[in-house]
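Colleague: When you get a sec, could you give me coordinates for this:
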Amino acid sequence: MKAFFEKIKRPLWSCLCIVAGNALLAFLVAAFIIPHDIIMGGTTGIGILLDKLWGDVLPIEPATVILVLNILLLFMGLFVLGKEFFFKTIASSIIYPVFLAGMQRIPHIEELTDNSLIAVLFAGCLLGISGGLVFRVGASTGGMDVVNLALHKWFHLPVAVFLYITDFIILGAQAFFTSSNGILLGLVLLVLETVALDRAMIFGKSQIQLFVVSEKYEDIRKSLLTELGAGVTMNMIRTGMDSNEWEAVMCVIPPRKLYAANELIRKIDPTAFITVTKIKEVHGRGFTLERKFKGEPHPAPATEISTEERDL
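Modeller: Numbering: from 1, shown residues only. Predicted coordinates:
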């Protein structure tokens, strides 16, 4: 039974992230983007633009336009990018517009705030989080991602180049039908989304790396292992002035252990040279895999290492 749950745990987590990410995206568009006339990229922006152009003649909801566009682009991706991309993208391409149609039917959802600045602040942060949830499990939000990846395949330029080009075209087209306030809010939205997406992608994975150069490297190594319960790696170095051969201590720890590690090292050697680097992501033994101990005493068995200590 345990083996079965271990087997399905990752697929279930991926499905949960995709559903949650698309639900969050649909909510922020229905609650903040559309009511406050904020310009936005992607198929959502195209849907909002077409609603402004033809809304009086053809009263079709943006969610319907987005669904049709996503399905057309999805099949374009099938022929241009292959089956693997198709199956990774199909969920978001359909779930998001369905969720958006449902969110727009929630009574008074567009009245959550009458302040456009508050709306764009929430929308930008939630947009980054929603994208982070989907991208972290290797899925795609579909829509214009298909176009950007297809252009990348044909012209061999970075995907980011085509991302900026397509977004610029969509945002520029909306600018003709949006107030100057909506345009400025759209730019704020883009900046906030970029920052929030970056944070969401590395949330819970960032670590601190210490690199310590000291004559007392052996004492520091043992103390980090036994007193702090941290793993260490030894690096052969040669000092620049005296050409002495030493070993430097490299240690990766959660941010909350940084102060204790610094104090421990300074207690052993107040003159130790220490560099502190923030690492965005860590994988492997002791973090995403169970820690193993060998030969020396340790503060706790591997089974007692918490998820927080491994993944913070």
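Colleague: My understanding was that T44 contacts P62; is that so?
Modeller: Yes. With contact defined as Cβ atoms under 8 Å, T44 reaches P62; the gap is 7.2 Å. Just so you know, the C-beta spots here come from the backbone N, C-alpha and C atoms, and that holds for glycine as well.
Colleague: Model confidence for F162, exactly?
Modeller: Looking at F162, its pLDDT is 79.
Colleague: does it really touch V146, like I thought?
Modeller: No. Proximity of F162 to V146 does not meet the contact threshold set by Cβ under 8 Å, at 11.0 Å.
Colleague: quick one, which of those two is more surrounded?
Modeller: Using other Cβ atoms under 10 Å as the criterion, F162 and V146 rank with V146 on top: 26 against 19.
Colleague: tell me the contacts of that one?
Modeller: Shown in contact with V146 (Cβ atoms under 8 Å, 6 or more residues apart in numbering): 73-74, 76-77, 80-81, 85, 89.
Colleague: likewise S206?
Modeller: Residues in contact with S206, defined by Cβ under 8 Å, 6+ apart, are 255, 278-281, 312.
Colleague: What's the separation between it and V120?
Modeller: Separation of S206 from V120 (Cβ to Cβ, to the nearest Å): 27 Å.
Colleague: F85 now?
Modeller: In this view, F85 and V120 are 32 Å apart by Cβ to Cβ.
Colleague: More neighbours: which of these two?
Modeller: For F85 and V120, the more surrounded residue by other Cβ under 10 Å is V120, and the numbers stand at 24 against 19.
Colleague: hang on, the more buried one in a helix?
Modeller: Yes. Counting by DSSP: H, G, I helix; E, B strand; the rest coil, V120 is found in a helix.
Colleague: That one against L187, yeah?
Modeller: No. Counting by Cβ under 8 Å, V120 does not reach L187; the two are 9.5 Å apart.
Colleague: Give the rounded mean pLDDT of stretch 118-126.
Modeller: Averaging pLDDT along stretch 118-126 gives 92.
Colleague: can I get the CA coordinates of that stretch in PDB?
Modeller: Taking C-alpha atoms only, stretch 118-126 is exported to PDB below (Å, rounded to 0.1, in the frame of the first residue of the first chain):
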ATOM      1  CA  ILE A 118      -5.200  47.400  -4.900                       C
ATOM      2  CA  ALA A 119      -6.600  45.300  -7.700                       C
ATOM      3  CA  VAL A 120      -3.400  45.400  -9.700                       C
ATOM      4  CA  LEU A 121      -1.300  44.600  -6.700                       C
ATOM      5  CA  PHE A 122      -3.300  41.500  -5.900                       C
ATOM      6  CA  ALA A 123      -3.600  40.500  -9.500                       C
ATOM      7  CA  GLY A 124       0.100  40.800 -10.100                       C
ATOM      8  CA  CYS A 125       1.100  38.700  -7.100                       C
ATOM      9  CA  LEU A 126      -1.600  36.100  -7.700                       C
END
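Colleague: Distance from the chain centre to it, please.
Modeller: Counting by Cα atoms, centre = their mean, to the nearest Å, stretch 118-126 is centred 17 Å from the centre of its parent chain.
Colleague: Same check on stretch 168-184?
Modeller: Distance, stretch centre to chain centre, for stretch 168-184: 27 Å (Cα atoms, centre = their mean).
Colleague: Could I get the CA-only coordinates of that stretch as CSV?
Modeller: The C-alpha coordinates for stretch 168-184 follow below in CSV (Å, rounded to 0.1, in the frame of the first residue of the first chain):
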residue,chain,number,x,y,z
PHE,A,168,3.8,43.6,-26.8
ILE,A,169,1.5,43.2,-29.8
ILE,A,170,-1.5,42.0,-27.6
LEU,A,171,-0.9,44.7,-25.0
GLY,A,172,-0.4,47.4,-27.7
ALA,A,173,-3.7,46.4,-29.4
GLN,A,174,-5.6,46.7,-26.1
ALA,A,175,-4.1,50.1,-25.5
PHE,A,176,-6.2,51.6,-28.2
PHE,A,177,-9.4,50.7,-26.3
THR,A,178,-8.2,51.3,-22.8
SER,A,179,-7.7,54.4,-20.7
SER,A,180,-4.2,55.6,-19.8
ASN,A,181,-4.9,54.4,-16.3
GLY,A,182,-5.5,50.9,-17.5
ILE,A,183,-2.3,50.9,-19.6
LEU,A,184,-0.2,52.0,-16.6
